[in-house]
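A.B. asks: Provide a 3D model corresponding to the input given below.
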Amino acid sequence: AVEQDLRLAYEMFGLPYTIFRPHNVYGERQNIADRYRNVIGIFMNQIMQDKPVTVFGDGEQSRGFTYIGDVAPVLAHAPVNPDARNEIFNLGADTPVTVNQLVKEVGRVMGVQPEVRYLPARHEVVHAYAIHRKVREAFDLPLDYETPLAAGLDRMWPWVQSHGERKTPTFKAIEVPKNMPGVWLE
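C.D. replies: Modelled structure (predicted):
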């Protein structure tokens, strides 16, 4: 809806826009206490608390995980890039990774063999990743601009480790627990 609003504001008033759709961004300074988003931070936080990592479904669903160092320069350059004006871009990794593979990689970087707690699958897309050819062309990105997951995790883990585990806050005043997975309410 907002994408349409911005397009109409441009057509009616000449207000230029650039829209990015970032995909599963992770890295240093990520909020690892968020129980709903940022699966990599969630897994690291669970492991640091000696809890099993929670995987919904069989873990064979896949996502493209995008290192923040690949995203930030593109966002910073967008206001001065004429090829970005009035465009919409998917921004993220082209390489799909299953959740089971992710668990192994997070365990590797943390030096542990994570215990996995498989929960019933949620109603969500099984394979979610996008093609990023348009952003590569508009921002002149090299084909190898994508940071491999292992390298990104190697950068993220020391930061997470230096800040320690985080308690996940419960926002009782605004939470709507009906139909939420039980693990989100623990």
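A.B. asks: who does the helix or strand of the chain with the lowest mean pLDDT pair up with?
C.D. replies: Of all helical and strand segments in the chain, the minimum by mean pLDDT, DSSP states H and E falls on strand 127-128, at a mean of 84. Strand 127-128 pairs in its sheet with strand 62-64 (parallel), by DSSP bridges.
A.B. asks: let me know the pLDDT of residue 130.
C.D. replies: We have a pLDDT of 82 for residue 130.
A.B. asks: tell me which residues are up against the least confident helix or strand of the chain.
C.D. replies: With contact meaning Cβ atoms under 8 Å, 6 or more residues apart in numbering, strand 127-128 is reached by 23, 61-64, 96. To be clear about C-beta, it is placed using only N, CA and C from the backbone, and glycine gets the same treatment.
A.B. asks: out of those, which end up buried?
C.D. replies: Neighbour-count burial (16 or more other Cβ atoms under 10 Å) applied to these gives 23, 61-64.
A.B. asks: farthest pair in these?
C.D. replies: Based on Cβ to Cβ, the longest span within the buried ones among the contacts of strand 127-128 runs between 23 and 61 and measures 14.0 Å.
A.B. asks: show me where this protein has strands.
C.D. replies: Remark: strands assigned in the chain by DSSP state E are 18-22, 25-26, 53-56, 62-64, 66-67, 87-91, 96-98, 116-119, 127-128.
A.B. asks: in CSV, list those strands along with distance to residue 39.
C.D. replies: Listed next are those as CSV, based on distance: least, Cβ to Cβ, whole Å:
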stretch, distance to residue 39
strand 18-22, 14
strand 25-26, 8
strand 53-56, 9
strand 62-64, 8
strand 66-67, 12
strand 87-91, 18
strand 96-98, 11
strand 116-119, 13
strand 127-128, 12
